[in-house]
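In: Quick one, what's the 3D model for this:
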Amino acid sequence: QVQLVESGGGLVQPGGSLTLSCAASGSILSFGAMGWYRQHPGKQRELVAVITSGGSTNYADPVKGRFTISRDNAKGTVYLQMNSLKPEDTAVYYCNADIWARFGSGYRGYWGQGTQVTVSS
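Out: Numbering: from 1, shown residues only. Prediction:
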């Protein structure tokens, strides 16, 4: 059974930094695109950043220049380095990964359980 487990969330002051990690576990044959999403209270989940299997990246406009997504395929882990954090970055952050699991028939999207990021003084 494939699982994604996030870590690294917490409380940080405006202007501070946090690094989120998301590690995949289980019987996995291959990783496709991996990404981070966030959900503000009462709003829909939105894309923050995505990285393809080839390393190409794409960012939502509000985080461009402040956030950096990266991945370690050998470890099955995706990271989100967040700098210059603002109160409006406060949200629950979710990782998502396209994974080809052993005994699977192709890539399927998996979600982590979410980690809270709070930016406040």
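In: residue with max distance from the center of this structure?
Out: No residue in the chain sits farther from the centre than Phe103, which is 25.3 Å out by CA atoms, centre = their mean.
In: I am assuming that one contacts Leu29, so please confirm or correct that.
Out: No. Phe103 lies out of contact with Leu29 (CB atoms under 8 Å); the separation is 9.1 Å. Yep, even glycine has a C-beta here, placed from its N, CA and C like the rest.
In: on that earlier part again, the residue farthest from the centre of the chain: helix or strand, and which one exactly?
Out: Using DSSP states H and E, Phe103 is not contained in any helix or strand.
In: Just want the most central residue of this structure.
Out: So for the chain, CA atoms, centre = their mean, it's Trp36, sitting 2.9 Å from the centre.
In: what comes up buried for the helix or strand encompassing that one?
Out: Applying DSSP H and E as the criterion places Trp36 in strand 28-39. By neighbour count on 16 or more other CB atoms under 10 Å, the buried set for strand 28-39 is 28, 31, 33-38.
In: ok, now how distant is the nearest residue to Leu11 once chain neighbours are set aside from Pro41?
Out: Leaving aside its sequence neighbours, Leu11 sits nearest to Thr118 (CB to CB, 6 or more residues apart in numbering; 4.7 Å). Distance of Thr118 to Pro41, computed by CB to CB, to the nearest Å: 11 Å.
In: State the distance from Tyr93 to Gln1.
Out: Taking CB to CB, one finds Tyr93 at 23 Å from Gln1.
In: Of these two, which one has the most company?
Out: Tyr93 (24 against 6; other CB atoms under 10 Å).
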